[in-house]
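Colleague: Got a predicted structure plus its sequence, pasted below:
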Amino acid sequence: MLKLRPASAAYFGTSLSATVVNRPEPQTARLAAVFLLDRADSADVVSSITRLDPAEALAALLPNAYRFQPQSSKRKRSTLRAYLDLVGTVPVFRVRVPDDLERLPELLDGLDDALRSPA
């Protein structure tokens, strides 16, 4: 089930929820990058895409681990090790997104450029 916010549904000309019908078979692929989205309060903000160094990336990613309160210290170490491995091997970007879906193509071009840029 896909759920959209009202503004997104209006932009794409669809309802607030839809069922995905032709779901492809899962495949394994290497994670190319992680993009952390920061939604701006206004449409006047310029999109920005900034690559984070591993320390900044770890600090930015951990709050997104809503279950980062494991019961055992072993589980806590395992989770932290996975995050350290992630930021050490996958580029992490902070993306400032204007509140304007009309500028989505511009943002997508920027994300594509970030993926294609050398490390």
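Modeller: Noted; the coordinates are in hand. Residues are numbered from 1 along each chain as shown.

Colleague: Quick one: the strands in this structure, in order.
Modeller: 2-3, 17-18, 34-39, 48-52, 92-97 (DSSP state E).

Colleague: Which other helices and strands does the first one contact?
Modeller: Where contact means 3 or more Cβ pairs under 8 Å, 6 or more residues apart in numbering; DSSP states H and E, strand 2-3 is packed against strand 17-18. (Glycine included, C-beta is placed from N, CA and C.)

Colleague: same question for the strand it packs on, mean pLDDT?
Modeller: The average pLDDT within strand 17-18 is 72.

Colleague: same check, this time on stretch 75-87
Modeller: pLDDT averaged over stretch 75-87 gives 88.

Colleague: can you give me the end-to-end distance of stretch 25-44?
Modeller: 40 Å (Cα to Cα, to the nearest Å).

Colleague: In a markdown table: the strands of the chain, plus mean neighbour count and distance to residue 86.
Modeller: Formatted as a markdown table, these follow (neighbours: other Cβ atoms under 10 Å; distance: least, Cβ to Cβ, whole Å):
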| stretch | mean neighbour count | distance to residue 86 |
| --- | --- | --- |
| strand 2-3 | 10 | 26 |
| strand 17-18 | 12 | 31 |
| strand 34-39 | 13 | 7 |
| strand 48-52 | 15 | 12 |
| strand 92-97 | 18 | 8 |
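
Colleague: Nearest to residue 63 among those strands would be which one?
Modeller: strand 34-39 (9.7 Å; Cβ to Cβ).
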